[in-house]
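>>> Structure, please.
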Amino acid sequence: MNILDIDEATNEAPQFTQLFDGTSIRVPSNDAVIVKPNAVDPEGQEVEYFIGGQDADAVYFDADTGEVRFRDPSRLSFARFYLVATDGLVSNRVDLNVFRTSGPPAIQDNQAPFIAFVADKRVPDGTTFVKGLNASDTERSPLTYSLSGVDADSFTIDSIGRISFLEPADSSNPGDADSDRIFELTANVSDGERTATTNFTVEIVLPPNPIEPPSGEELAFTNLPSNGLLEIQDFELPGDANGDNRYELVLRTSNGRTSVDHAFEVVVSNLPDAPIDNLPRIPSLDGINGVVDVAEGNTLVGEFTGTDPDSSTLSYSLQTGFANGSIVGRDGWLFTIDENTGRVEFIDPPDFAGPQDADGDNRYGIIVRVFDGVNYRDYDLNVAVYPV
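Sure, this is the predicted structure:
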């Protein structure tokens, strides 16, 4: 048994690998296993799994491994449920939509894996485990993980995306390329054909200097504002001596006769100004009332190019979800989308006399998502096929 001293204020929830909230899973009829999740806890604690949602009773759930199977595959064609991973203090939840297909999944262009947002990390001396990556793949291909960048040689990453120092973190001898205790890394996730990457940093924070205050009487802070708070200037207008946003301070504690000085450093980080609307958008889909007309026999639906107020690189995907108690985007499996250009096409030419959409009314429901790496916007569309 591992007994860990965890600070509840900084404890992070377990992270699902290869699953993210809203994932749609298509399971062939001869496949009993729906999903076998693998969650990683940033602090290395044991992870437990729970299941819930409207179809939780219709599937078999293994609480030890988190594996989910169909109870009666012949009677269930769609299931909606959620999985929860917890370390006993905090938890993480993902909502899943499962479609059972009558045969092998339709062959589509391979999509690159998706990596959930990776925040920069600050760690104290002695740290070994850093964090786990949360990645998924549309085709459910096995994923492999690797690290690159100028400081990658100081770390290792295992087969499920857990990142650790090769040697325990040491602020006095950090080992990063420019010896500033900030390691610059790139995480790479590959499905065997395509690779997704994301950049982040790991900083070793300076340890506090020990204070040995005078004993016997109550201590008092001196030379502080009446509210006891120190205010720091704007990041763009640093007020420290050398203008690098690292403030070197001395805190003096005194009992009126003797005093002790404690030297420490305050590092000010830059925060972006909050934009009014920083979501990417697809201008050609604004104001069309959610309907795109396509003549039967034609495969091209449209090339939906997005824009972003932050000028970020955009990617595109098709999604499935729920709105007002019903499934939206349920016909997305009949289409393919180019993740780089937003070009949407039917996999097979549509036939007005033989519609393949879920309702059989020649109106195909899809959701086009444009993603800038942090934020996304979804467009709920009906592709209306008309005869010629």
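
>>> that's a strand at residue 199, yeah?
Yes. Applying DSSP: H, G, I helix; E, B strand; the rest coil, one finds residue 199 inside a strand.

>>> Please tell me I have it right and it contacts residue 188.
No. Under the criterion of Cβ atoms under 8 Å, residue 199 makes no contact with residue 188, lying 10.5 Å away. Quick note: C-beta positions are derived from backbone N, CA and C, even for glycine.

>>> Can you pick out the residue with more neighbours from those two?
residue 188 (19 against 12; other Cβ atoms under 10 Å).

>>> Near residue 122, how many other residues are there?
Residues lying near residue 122 (other Cβ under 10 Å) number 16.

>>> Sorry, wrong one. I was asking about residue 294.
Neighbours around residue 294, by other Cβ under 10 Å: 21.

>>> Check residue 189 too.
26.

>>> List the contacts of it.
Contacts for residue 189 (Cβ atoms under 8 Å, 6 or more residues apart in numbering) come out as 113, 115, 133, 135, 143, 144, 145, 161, 195, 196, 197.

>>> Strands of the stretch 1-150 of the chain, residue ranges please.
15-17, 23-28, 33-35, 38-40, 48-52, 59-61, 68-70, 78-86, 91-101, 114-115, 121-123, 129-132, 135-136, 144-148 (DSSP state E, counting those that start in this stretch).

>>> Can you name every helix or strand that the fourth one contacts?
Same thing as strand 38-40. strand 15-17 (3 or more Cβ pairs under 8 Å, 6 or more residues apart in numbering; DSSP states H and E).

>>> mind running it again at 10 Å?
In this structure, strand 38-40 packs against strand 15-17, strand 78-86, strand 91-101, strand 129-132, with contacts taken as 3 or more Cβ pairs under 10 Å, 6 or more residues apart in numbering; DSSP states H and E.

>>> Out of the ones you listed, which one sits most buried?
Stretch with highest mean neighbour count among these: strand 15-17 (a mean of 24; mean count of other Cβ atoms under 10 Å).

>>> need the contact list for the residue nearest to residue 141 when sequence neighbours are not counted.
Ranked by Cβ to Cβ, 6 or more residues apart in numbering and with sequence neighbours excluded, the top spatial neighbour of residue 141 is residue 191, at 3.9 Å. In this structure, residue 191 makes contact with 110-113, 135, 137-144, judged by Cβ atoms under 10 Å, 6 or more residues apart in numbering.

>>> With residue 15 instead?
Residue 15 touches 38-42, 47, 85, 92, 116, 118, 131-135, 161-162, counting by Cβ under 10 Å, 6+ apart.
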